[in-house]
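Visitor: okay, here's the prediction I keep looking at, along with the sequence it came from:
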Amino acid sequence: MGNEIRYDGKVVVVTGAGGGLGRAYALYFAERGASVVVNDLGGSFKGEGNDTRAADVVVEEIKKKGGKAVANYDSVEYGEKIIETAVKAFGSVHILINNAGILRDISFKNMKDADWDLITKVHIEGSYKCAKAAWPIFRKQKYGRIINTASAAGLFGSFGQTNYSAAKLAMVGFTETLAKEGAKYNIVSNVIAPIAASRMTETVMPPELLAALKPDFVVPLVGYLVSDANKTENGAIFEVGGGHVAKLRWERSSGALLKCDDSLTASAVLARWAEATDFKNPQYPEGPNDFLGLLEQAKNLPRNAQ
Ligand code: NAD
């Protein structure tokens with residue numbers, strides 16, 4: 001298609017690009033003109049071991065099709081080395097897809113510190129380290145695009161995934177703030193909660209469902225969000241998979257305003273519970289000051305006290 005979005009001249013870093021979603025992103029960007037860093041540690045889905053073949057296979061696949069790619073085998077915990085690979089091979093980085101991930105599913109009762117620590121290390125620290133290393137480059141060149149990867153488990157909770165849920169929701173707050181800090185430098189950050197067939201999901205989903213959830217069906221949203229065609233979305237959350245793209249946002253009930261004197265007791269809160277939790281006239285807050293603004297308006301806070 002002649003009007004297909006392309007990425008000529010862009011350097012894209014995809015973490016965890018040795019398989020699943022990451023591989024699909026890497027192939028997509030390389031096919032559309034980008035130079036791609038294919039990062040993958042090559043361990044198990046539980047985060048054990050490492051193997052350079054994971055990244056090498058994808059780099060070979062890209063090169064065979066005439067694309068430009070280099071491999072990087074570092075864990076995302078050492079994000080600075082991944083960004084260094086991009087700069088050494090291609091001179092810069094323009095687009096960072098924080099995608100690498102692992103699972104350590106176990107009930108909270110049986111969870112060990114190691115299960116918690118490894119999940120937060122790979123997902124939170126890994127995304128942080130890659131973004132942190134790319135940030136000064138993005139600022140200097142006044143161009144940067146970041147996709148962070150959350151999960152429905154983080155947005156809504158999921159049995160046996162307290163560690164993963166916590167780490168994945170962290171990606172939302174991280175993205176929302178990166179979006180605010182990056183805006184004036186033309187750095188655009190968004191976060192996705194994907195659903196796709198991969199080694200992460202192949203043991204828990206039936207084959208028919210897996211066939212309907214190809215990683216390729218997630219890629220176009222990511223491709224759009226990091227492209228110059230995206231003029232509206234920064235700091236936004238999306239659920240995507242099986243051809244469905246949907247935006248999520250925070251919703252707050254219009255709430256109950258209680259007097260701040262001796263009458264503000266637990267029973268007083270209970271008496272206004274229906275009002276406090278009524279979503280009939282919802283609000284859609286976009287920043288911490290929105291709440292203080294409400295108090296100001298209601299005269300529970302002196303005007304301009306913020
Ligand atoms: P996957 O296991 O196929 O791919 C993850 C890749 O990350 C693997 O190739 C793995 O080797 C690599 N990786 C793991 N730890 C790494 C590290 N420390 N450094 C570098 N690379 C590392 O899984 P996937 O389904 O493609 O998952 C991609 C992302 O999407 C993950 O962040 C996952 O949590 C998220 N996600 C996936 C789904 C889904 O339905 N597949 C749902 C929600 C979120």
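Guide: Arrived safely.
Visitor: can you map out the strands along the stretch 201-306 of the chain?
Guide: With DSSP state E, counting those that start in this stretch as the definition, the stretch 201-306 of the chain shows strands at residue ranges 237-241, 244-248.
Visitor: is the last one up against the ligand anywhere?
Guide: What that stands for is strand 244-248. No. Using CB under 6 Å from any ligand atom, we find that strand 244-248 stays clear of the ligand, coming within 12.9 Å at best. Heads up, the C-betas are built off the backbone N, CA and C, glycines and all.
Visitor: list the helices and strands that strand packs on?
Guide: Here strand 244-248 touches strand 237-241, going by 3 or more CB pairs under 8 Å, 6 or more residues apart in numbering; DSSP states H and E.
Visitor: is the strand it packs on anywhere near the ligand?
Guide: No. Strand 237-241 stays clear of the ligand (CB under 6 Å from any ligand atom), getting no nearer than 6.7 Å.
Visitor: go through the strands of the stretch 201-306 of the chain and pick out the most buried.
Guide: Highest mean neighbour count among these (mean count of other CB atoms under 10 Å): strand 237-241, with a mean of 21.
Visitor: gap between that one and the chain center?
Guide: Counting by CA atoms, centre = their mean, to the nearest Å, strand 237-241 is centred 10 Å from the centre of its parent chain.
Visitor: that one pairs with which strands, and in what direction?
Guide: Using DSSP bridges, the strands paired with strand 237-241 are strand 187-194 (parallel), strand 244-248 (antiparallel).
Visitor: compile those strands into JSON lines and extend it with columns for mean pLDDT.
Guide: Shown next, in JSON lines, are those (pLDDT from 0 to 100):
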{"stretch": "strand 187-194", "mean pLDDT": "99"}
{"stretch": "strand 244-248", "mean pLDDT": "98"}
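Visitor: ok, back up a step: and the strands of the stretch 201-306 of the chain as a markdown table, adding distance to Asp117?
Guide: Converted to a markdown table, those look like this (distance: least, CB to CB, whole Å):
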| stretch | distance to Asp117 |
| --- | --- |
| strand 237-241 | 26 |
| strand 244-248 | 28 |
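Visitor: quick one: terminal-to-terminal distance for stretch 90-106?
Guide: 41 Å (CA to CA, to the nearest Å).
Visitor: is the ligand contacted by that stretch?
Guide: Yes. Counting by CB under 6 Å from any ligand atom, the ligand has neighbours in stretch 90-106: 99-102.
Visitor: many thanks, I have nothing further to ask.
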